[in-house]
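A.B. asks: Requesting a structural model of the entry that follows:
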Amino acid sequence: MNHFSQIAAQLERCGLDGVLLTEEANRFYASGFHSAGTDGAALVTRRGAWYFTDSRYIEAAERYVRDAKIDEVRPGRGYSTLIEEVVKAEGIARLGFEDAYMTVRDHGFYAKALSCELVPATELLWELRSVKSPEELAVMEQAQRIAEKALEEILNEIRPGVTEKEIAARLQYLMLHFGAEDMSFDPIVVSGPNGSLPHGVPSDKIIQRGEFVTMDFGCVYHGYCSDMTRTVAVGSADEEMRRVYETVLSAQKAGIAAARAGVTGKAVDGAARSIIAAAGYGDYFGHSFGHGVGVEIHEAPNATPGNEKPLPAGAVISAEPGIYLPGRLGVRIEDVIALTEEGCVNLTRAPKELLIL
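C.D. replies: Numbering: from 1, shown residues only. Next up, the predicted model:
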């Protein structure tokens, strides 16, 4: 699965003759081929596409990259040389570049090496990546199924005496075991008072009876990310724990009900935030309702208080309100949803009613 043609189709509208992609996620989005870090470059023009890489990846690129001409970087024929050859052959005057990712040093290098104007074009890629095709959605659903299998297994292992680190390590193993290529991010596993840390790092803390355990995790499958969070109680849950949990769940359901194409990210966030505020926990929900998910775990568009732009059909966003009571407990529940004109489709199937292990 590549997106060379979709990118090329937007160049004229953006006043570009081509676009240079050196950032890892955008290279993958364009080509469907993954090479680490800065070890590759894709160049898309109105008439064709090129993919450049070095000897470590050239055989794999020739095997997997379709609809593009492939060339190998060699001593004396570096990236700038190969790109400049295309610039001259294609008559490129305005070449888009990833202004949100390219370093000042690299920009200066390419500005000197290429006989064309470099034009900021990050927004073009963000706009394209924010709308998922049916093929992309199918892959993301598979990534979700893998994470959910890992959740189903790990629930059998959460008990008093196990540490946060042990649960985090097992989640990673299980996702790889069930077919993941990598983790979307380092799993977050926090328990008891550590649960008030939304992005807490798994520690040697031993899980105790009567505590919440929050697990935020996801995996990469065929280059696309999954993301989910579940909070479970160990042994028992007191009245406050149940109240906080039910408030978060109600807020998540309200945000999901409000989510549809054409609605602003602010409105979706606000639907959930109002539930938490009405319950008296407004000061303890500090992050946004959700973020875009795709080739990267955080990408456009976002369901945030500051996003007053309409969300597009085909966007995939997380739905993850939370309440965090400092030094006491925390609850977050997260699904991933795909927006449609009529509403949204929840890609997450895992149950989310309060579970007491």
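
A.B. asks: What ranges does the stretch 151-300 of the chain have for its helices?
C.D. replies: All helices of the stretch 151-300 of the chain, identified by DSSP state H, counting those that start in this stretch, fall at 164-177, 239-258, 265-278.

A.B. asks: The ones you listed into CSV, with extra columns for mean neighbour count?
C.D. replies: (C-beta placed from N, C-alpha, C; glycine too.) Converted to CSV, those look like this (neighbours: other C-beta atoms under 10 Å):
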stretch, mean neighbour count
helix 164-177, 19
helix 239-258, 19
helix 265-278, 21
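
A.B. asks: export the ones you listed to JSON lines and tack on distance to residue 55 and mean pLDDT?
C.D. replies: Below are those laid out as JSON lines (distance: least, C-beta to C-beta, whole Å; pLDDT from 0 to 100):
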{"stretch": "helix 164-177", "distance to residue 55": "28", "mean pLDDT": "98"}
{"stretch": "helix 239-258", "distance to residue 55": "48", "mean pLDDT": "98"}
{"stretch": "helix 265-278", "distance to residue 55": "44", "mean pLDDT": "98"}
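
A.B. asks: could I get the ones you listed as TSV with distance to residue 184?
C.D. replies: Shown next, in TSV, are the helices of the stretch 151-300 of the chain (distance: least, C-beta to C-beta, whole Å):
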stretch	distance to residue 184
helix 164-177	9
helix 239-258	19
helix 265-278	21
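
A.B. asks: To residue 349, which of these lies closest?
C.D. replies: With C-beta to C-beta as the criterion, residue 349 lies closest to helix 239-258 of those, at 13.7 Å.

A.B. asks: hang on, the earlier thing: so which of the helices of the stretch 151-300 of the chain gets nearest residue 156?
C.D. replies: Closest among the helices of the stretch 151-300 of the chain, using C-beta to C-beta: helix 164-177, at 10.2 Å.

A.B. asks: what packs against the closest one?
C.D. replies: If you count contacts as 3 or more C-beta pairs under 8 Å, 6 or more residues apart in numbering; DSSP states H and E, helix 164-177 packs onto helix 134-154, strand 188-191, strand 212-217.

A.B. asks: Of all these, which one comes closest to residue 247?
C.D. replies: strand 212-217 (13.5 Å).

A.B. asks: Okay, buried residues for stretch 340-352 please.
C.D. replies: 344, 347-348, 352 (16 or more other C-beta atoms under 10 Å).

A.B. asks: Closest one of the residues you listed to residue 158?
C.D. replies: Closest to residue 158, out of all of the buried residues of stretch 340-352 and judged by C-beta to C-beta, is residue 352, at 15.9 Å.

A.B. asks: List the contacts of the closest one.
C.D. replies: Residue 352 makes contact with 230, 249, 252, 333, 335, according to C-beta atoms under 8 Å, 6 or more residues apart in numbering.

A.B. asks: distance of the residue positioned nearest the centre of the chain from residue 213?
C.D. replies: With distances taken as C-alpha atoms, centre = their mean, residue 297 lies nearest the centre of the chain, 1.7 Å away. Separation of residue 297 from residue 213 (C-beta to C-beta, to the nearest Å): 21 Å.

A.B. asks: And residue 71, by the same measure?
C.D. replies: Distance from residue 71 to residue 213, by C-beta to C-beta: 51 Å.

A.B. asks: higher neighbour count, these two?
C.D. replies: residue 213 (24 against 21; other C-beta atoms under 10 Å).

A.B. asks: For burial, what's the neighbour tally of residue 123?
C.D. replies: Residue 123: 13 neighbours (other C-beta under 10 Å).

A.B. asks: helix, strand or coil for it?
C.D. replies: helix (DSSP: H, G, I helix; E, B strand; the rest coil).

A.B. asks: who's in contact with the closest residue to residue 54 other than its chain neighbours?
C.D. replies: Excluding its sequence neighbours, the residue lying closest to residue 54 (C-beta to C-beta, 6 or more residues apart in numbering) is residue 73, at 4.6 Å. Contacts for residue 73 were tallied using C-beta under 8 Å, 6+ apart; they are 52-54, 79, 82.

A.B. asks: Take those residues and write them to TSV, including secondary structure and pLDDT.
C.D. replies: Formatted as TSV, the contacts of residue 73 follow (DSSP: H, G, I helix; E, B strand; the rest coil; pLDDT from 0 to 100):
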residue	secondary structure	pLDDT
52	strand	97
53	strand	96
54	coil	94
79	helix	95
82	helix	97
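
A.B. asks: hmm, which of the residues you listed are the buried ones?
C.D. replies: So, of the contacts of residue 73, 52-53, 79, 82 end up buried under the neighbour-count rule (16+ other C-beta under 10 Å).

A.B. asks: Next, give me the two most distant ones among those residues.
C.D. replies: 53 and 82 (10.2 Å).
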